[in-house]
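Undergrad: next one to model:
(2 chains)
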Number of protein chains: 2
Amino acid sequence: MKTLSTTTPSFEADFTALLARASVAPEVSGVVREIIERVRTEGDVALLDYIARFDKQTLTAESLRVTAEEIEAALAQTPEVLSEALAIAARRIELFHKTQLPRDIEFTDEAGITCGMRWGALDAVGLYVPGGKAAYPSSVLMNAIPAKVAGVGRIAMVVPAPGRVLNPYVLAAAHAAGITEIYRVGGAQAVAALAYGTATIKRVDRIVGPGNAYVAEAKRQVFGQVGIDSIAGPSEVLIIADEGADPTQLAYDLLAQAEHDEDAQSILVTTSASLAEAVANEVTRALETLPRKQIARTSWDRHGAIILVQDEDEAVDIANRVAPEHLQLMLIDPAPIFSKVRHAGAVFLGRNTPEAMGDYIIGPNHVLPTSGTARFASGLSVYDFMKRTTYAAVPGQALAALGPHAVTLAKAEGLTAHAQSIAVRLPKD
Amino acid sequence: MKTLSTTTPSFEADFTALLARASVAPEVSGVVREIIERVRTEGDVALLDYIARFDKQTLTAESLRVTAEEIEAALAQTPEVLSEALAIAARRIELFHKTQLPRDIEFTDEAGITCGMRWGALDAVGLYVPGGKAAYPSSVLMNAIPAKVAGVGRIAMVVPAPGRVLNPYVLAAAHAAGITEIYRVGGAQAVAALAYGTATIKRVDRIVGPGNAYVAEAKRQVFGQVGIDSIAGPSEVLIIADEGADPTQLAYDLLAQAEHDEDAQSILVTTSASLAEAVANEVTRALETLPRKQIARTSWDRHGAIILVQDEDEAVDIANRVAPEHLQLMLIDPAPIFSKVRHAGAVFLGRNTPEAMGDYIIGPNHVLPTSGTARFASGLSVYDFMKRTTYAAVPGQALAALGPHAVTLAKAEGLTAHAQSIAVRLPKD
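TA: Predicted coordinates:
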């Protein structure tokens, strides 16, 4: 962990170095290209072959799909408190995302032209869910429910099942989100199947959900054939706290980010040197209590930081420069600072709002822009599962009035057929 | 041009072959990677070096930017009818895009949690404009105005000027759109400068606008550092027309698409065999009248098609399977068919609404999803220049009520620090 202060001469250089978190991606594009090509040409045969090779299980085309009985069995294995929590989370996520649903537009302008924009849902979406320990039930809810709310007709979920083992809680979350079409396949081969279709898995229009480097590269390569979500980088939290904040709470907030991933970044920004010291000590103590302490410690050591600032304006300036995925304002009155925040994926206001509440139960999406991309990108939403069609109807008198201007522009661009397609419709005088 | 009929046994195979328009992209990624790396590390020096090499002109950092005097001179060179047409187009494009501006959301739910979503404009956007003959003033309007309407503070335009020649109409369009920051640089080096910044060109948050294979590859490579628009493929029009439509109008409509690019695709769908024949003859005749007849003929010969269908339902089914960039419904009453259209970039309703009117003057954007991507993608809009931040404030009683459910979920995922960050805030009983 580094301690920075805006009053030291080296601050700008230290701050820039802090944000340069290069994580080394393995060179996977050749392997992925070959997998996609084989699945595209050979379909199920290639899929079953890769499953045998990578997941060490022998499947048939018929056994690719998870059965209703297996989903029932997973539900039976899920403790009642967990089923209840999943149901409450699902309902709250649904309620929030329903407020995002956009309105169609239609109007007739002064020229008499009727113009509009119509929103429609995608026909089919593929949801990638990682296997094993990184399989997060909450991510199933966060990816699937906005698609459901948008009105997507078909959601196909893929999840690798090495040794035929599936995480029962992931199936329980799929059930809570209303997903019934689930295939036990992962990796680049699953992405290829969703993009191009096989006899068993019909193609989709967009693929969402997190995955490893092979999955990310496969999404990159099928982009254009289908839509994809943004490729998530290592995530981060930035916390602005004042003197009165509780150091233990802040320590766990910082470590909640750090325990995700060794590349994750946790930053505390404060005007209080005594709080900074107390939090640093609490982090050291709390680290020892965590089962994932090795991951969390590596993240905190490598990328963690406490930044001392002179006032609240400096604090918010640093937040805007980081453009963090998660921004916690652990202040009595966060409103004045929040009004100055321009770049953040999601903001958590006040001392009772730790980011983990947003990860699970509040309602807004937890799939958020990472690594400073909140400067230009947004969290997952119903808009990711919809598209827009614009339209116009030009009556004769509007064509006569505006057509000649369009002809002028077409001729200036040297596009004669464009000009002619209008000119031949104009009234002859 | 191919003639297909839905009643022939080979229709499915013919239709699939028609849509497989593979255009060969040159292998440019290595060259582009080197250019980006040099601009990133050497800044203006690399930029000026590439300009000397590719555009055959010697510039200094000071002369990179187009001066106010040069813009004045370009305006003086622009015929008054063209200035007027640009102004009318700009105003209409602005009016349409203003209707897209989204509303913020905020509400307090039954648990007492206040949640919301705030829209904000990007700080800075880069607009790539191709040089030479492919420099279209209308595209400058279509890319810049939505950014202006969204509230983007800074728009930096780049345009290559081989031999220091700039298209005056492009500068006139920039003026009509309110752009004053223009640099005479193009290619991958311009994209790199916009993405990483140099001493002269400050970095932006998103890069939009069409370009050649090098520009497209450069945008792909800087994605993540900045946002990009989608990479445009060859464009297409699909026209549904009935017996009463005018064959000459339809011929120019088909050729307006074909004259863009040898890879462009024009498809007519009709129930009328006599109309099909008349249009085919008119295309042959009209082709001879076009300055760009070689491009248009190659496109029409290779990719053009007339598809005979049995009824309107078959016609709209084909349109939905093509998911065309442009869909013209050249019918007396287009409403019944339009209501069944699910996938299209933009729809042009009725015989007085040729697509070229939409290219220039109607108001909706002409930057649209190509090559069937209208299944999942949308035209350029104000949303492309905005991002969303979600937020939440959890009061103590809501934390007490919902926190334990979040703790259950965190524990089920093995994320102890997440669980603890909530648990330490819960009231002790």
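
Undergrad: stretch A:346-356 and chain B, any residue contact?
TA: Yes. Using CB under 8 Å from any CB of the partner chain, stretch A:346-356 reaches chain B at A:346-356. For glycine as for every other residue, the C-beta is placed from the backbone atoms N, C-alpha and C.

Undergrad: stretch A:29-44 now?
TA: No. Between stretch A:29-44 and chain B, judged by CB under 8 Å from any CB, nothing touches; the nearest distance is 10.2 Å.

Undergrad: and stretch A:8-15, by the same measure?
TA: No. Using CB under 8 Å from any CB, stretch A:8-15 stays clear of chain B, coming no nearer than 15.1 Å.

Undergrad: now swap in stretch A:276-285 and tell me
TA: No. Using CB under 8 Å from any CB, stretch A:276-285 never reaches chain B; the gap is at least 10.2 Å.

Undergrad: now for the residues of stretch A:346-356 next to chain B: which two are most distant?
TA: A:Ala346 and A:Arg351 (16.7 Å; CB to CB).

Undergrad: neighbour count winner among those two?
TA: A:Ala346 (27 against 23; other CB atoms under 10 Å in any protein chain shown).

Undergrad: ok, the closest residue in space to the more buried one that isn't next to it in sequence - contacts?
TA: Once flanking residues are discounted, A:Ala346 sits nearest to B:Thr390: 4.8 Å by CB to CB, 6 or more residues apart in numbering or on different chains. With contact set as CB atoms under 8 Å, 6 or more residues apart in numbering or on different chains, B:Thr390 has these partners: A:345-347, A:364-365, A:379, B:115-118.

Undergrad: helix/strand/coil for B:Thr390?
TA: strand (DSSP: H, G, I helix; E, B strand; the rest coil).

Undergrad: tell me the centre residue of chain A?
TA: In chain A, the centroid-proximal residue (CA atoms, centre = their mean) is A:Val367; its distance is 3.3 Å.

Undergrad: pLDDT score for that one?
TA: For A:Val367, the model assigns a pLDDT of 95.

Undergrad: restricted to strands, list the contacts of B:Thr390.
TA: Those of the contacts of B:Thr390 mapping onto strands are A:346-347, B:115-118, per DSSP state E.

Undergrad: strands along the stretch 51-200 of chain A, start to end?
TA: For the stretch 51-200 of chain A, the strands defined by DSSP state E, counting those that start in this stretch occupy A:105-108, A:114-121, A:124-128, A:154-158, A:181-183.

Undergrad: contacts for the shortest one?
TA: Read it as strand A:181-183. So strand A:181-183 is contacted by A:64-66, A:71, A:154-159, A:171, A:174, A:190, A:193, A:200-201 (CB under 8 Å, 6+ apart).

Undergrad: buried ones among those?
TA: A:64-66, A:71, A:155-159, A:171, A:174, A:190, A:193, A:200-201 (16 or more other CB atoms under 10 Å in any protein chain shown).

Undergrad: did I read that right, A:Val269 in a strand?
TA: Yes. Assigned with three-state DSSP, A:Val269 falls within a strand.
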